[in-house]
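Below are the sequence and a predicted model for it; my questions follow.
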Amino acid sequence: MSDPVLAFQGRIARADLAALLDATGTPTQLSPRALFGAPSWLAPEVSTTFADAARVLLSPRTNLTLRLWGGEEAATEMNVLFPDLPSGGHGVVLNPVEQEFRVAGFVDPEQILALLGPMIPPEPATAPAIFEARLDPTTMAVLAACLDLLCQDVLQARVARVLDKRPMPGSVLEDAGWLARDRIKAYLQGWWGVSRFDQLITYVLPLSGLAKCPSDGDIDVALAHLAKGGLLDVSRQERLSATAALEPLLRILLGASSGFQWQRISQMVGGDALLVVERLFVLGAGGVAFDLSPTPEGLVRLALCTRAAIVDFVTEELSTLVDPVRPEIEVPPAAPAPEGDTRPPVVARFCGQCGAALTPGGKFCGNCGAPSAALRT
């Protein structure tokens, strides 16, 4: 993964960049001028091209941040500011480098597509199961912890099977085992803010808006919510285990450690309102991926997707030539959970016969063919 080849690039000290922008004009709402601190006493002499880049940094309409990773050692970030929407091109790359900033340009939509091309998986050989859940941030963080721990257990069980020369089971749930509440709580406390690319919690936290680890009481409420929504089973001994609805997601999470995060903030025409578009794609084996995104209601959406869905999203983002008609989207911070289970319901449907997730409005399960009488929400 490398940045696209651009016409110019260079490094400039923070104070010099501040002086250059101050000499150019007055910063607008999305300008990064506040990041540069106090200016140097004299604005540096720069080329005409670099001066054009300074004007974009002074008055951008769009701030696009791309974070790409292919494991712990292959992660990169690219922050691009555009004078208009990304479809108009002429973007300027701005990334901090020690006490300086790297400035490069100009970026067109085609270069963004070329950068993301290797990250988009091939079309899967078979259509993946359908899964979508929209949860409050705390419940999504707890679900992420459960899935991370279940993946750890599956991997350990598979190693034991290889050593014992036993065959692999047809379902990952056979090796997933069960989870104790104390183990889930300890995992959240131990890994909060220090996660890795092979953990789902890594991707949930940036989108959740949670400032600190949930309390024990909030975790208990979230676990009850997940059980009520059909994503976890609870035994008489308070042991928690994954339902069949989570099996497709577990399969993707096993070994998944690559993907990209897309965050676009654009100023709407005719006012100070901002449009925030944020999606995070994590890639698994066989061309299947899942994506995470905040919703206008302050929830976090988790869904399985394929190459077509990713391509459609990126293409729409880079080909929008007019302002969207949808209203401003704000993702408010999550409020502390009240006593009792008053959280919004899990927005997902699963087959009561085999546990597979269902297409909204479908009368039959696409996995086993069970009629609507056997379906549960």
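Received the coordinates, thanks.

To which secondary structure element is the residue nearest to L173 when sequence neighbours are not counted assigned?
With C-beta to C-beta, 6 or more residues apart in numbering as the criterion, L173 has its nearest non-adjacent residue at 5.6 Å, and that residue is E247. Every C-beta, even on glycine, is put in place using the N, C-alpha and C of the backbone. For E247, the host element (DSSP states H and E) is helix 247-253.

who touches that helix?
Defining contact as C-beta atoms under 8 Å, 6 or more residues apart in numbering, one finds that helix 247-253 is touched by 128-129, 131, 147-148, 150-151, 154, 171-173, 176, 200, 242, 282, 284-285, 288-290, 302, 304, 355-357.

how about 7 Å then?
128-129, 131, 147, 150-151, 154, 171-173, 176, 200, 242, 284, 288-290, 304 (C-beta atoms under 7 Å, 6 or more residues apart in numbering).

name the helices or strands packed onto the top helix by length along the chain?
The residue-count maximum for a helix in the chain (DSSP state H) belongs to helix 137-164. Judged by 3 or more C-beta pairs under 7 Å, 6 or more residues apart in numbering; DSSP states H and E, the packing partners of helix 137-164 are helix 173-176, helix 181-191, helix 200-208, helix 216-228, helix 247-253, strand 300-305.

quick one: contacts for the closest residue in space to A34 that isn't next to it in sequence?
For A34, ignoring the flanking residues on the chain, the nearest one in space by C-beta to C-beta, 6+ apart is P27 at 7.8 Å. Going by C-beta under 7 Å, 6+ apart, P27 touches 21, 33, 58.

how about a cut-off of 10 Å?
Residues counted as contacts of P27 (C-beta atoms under 10 Å, 6 or more residues apart in numbering) are 21, 33-34, 36, 57-60.

got it, and L30?
Applying C-beta under 10 Å, 6+ apart to L30 gives the contacts 57, 59-63, 81-82, 265-267, 274.

Narrow those to just the buried residues.
Burial by neighbour count, 16 or more other C-beta atoms under 10 Å: within the contacts of L30 this picks out 57, 59-63, 81-82, 265-267.

among the residues you listed, which two are most distant?
L57 and S266 (15.8 Å; C-beta to C-beta).

Now a PyMOL select for only the buried ones of the contacts of helix 247-253.
A single PyMOL command selects the buried members of the contacts of helix 247-253 (16+ other C-beta under 10 Å):
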select buried, resi 128+129+131+147+150+151+154+172+173+176+200+242+284+288+289+290+304
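
Could you tell me how far the most centrally placed residue in the chain is located from G259?
Nearest residue to the geometric centre of the chain (C-alpha atoms, centre = their mean): L280, 2.4 Å. Remark: distance between L280 and G259 (C-beta to C-beta, to the nearest Å) = 7 Å.
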